[in-house]
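# coordinates only, no sequence provided:
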């Protein structure tokens, strides 16, 4: 007997591509483009973030209002790890990552 298809559940914009999970949605929805490399430029100074995807600014100097669900603790002022997240098992890869201190 075939398994019935599960209807797709819409993803809130702040949980989708280029969003800050649970807090900030991109100014325009970012289109998924499977099979091609994408370029992000993310600037984070304190709680303020700018996100550029493939040369298009999607979040412009917005304040993240609190710690995200991936936070290890609430010590925001202390140095900590950087996490890269991909929700599709086996479909997300990263390359050419550079971390540069903001001036």
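Looks like it came in fine. Treat the numbers as computed from the prediction; the structure is a model and nothing was measured. Numbering: from 1, shown residues only.

# quick one: contacts of the strand ranked longest in the chain?
Criterion DSSP state E: the longest strand present in the chain is strand 56-63. In this structure, residues lying in contact with strand 56-63 by Cβ atoms under 8 Å, 6 or more residues apart in numbering are 18-20, 24, 26-28, 30, 47-52. C-betas here are computed from N, CA, C, even on glycine.

# among the residues you listed, name the buried ones.
18, 19, 20, 24, 26, 30, 49, 51, 52 (16 or more other Cβ atoms under 10 Å).

# pull the most distant pair out of the residues you listed.
30 and 49 (14.8 Å; Cβ to Cβ).

# any idea how far residue 11 is from residue 86?
Applying Cβ to Cβ, to the nearest Å, the value for residue 11 to residue 86 is 14 Å.

# an error on my part: the question was meant for residue 102.
As defined by Cβ to Cβ, residue 102 lies at a distance of 25 Å from residue 86.

# of those two, who's got more company?
Set residue 102 next to residue 86 and count neighbours by other Cβ atoms under 10 Å: residue 86 wins out with 10 against 7.

# the residue lying closest to the more buried one once chain neighbours are set aside sits in which helix or strand?
With sequence-adjacent residues excluded and distances taken as Cβ to Cβ, 6 or more residues apart in numbering, residue 86 is closest to residue 92, at 2.6 Å. For residue 92, there is no helix or strand it lies in under DSSP states H and E.
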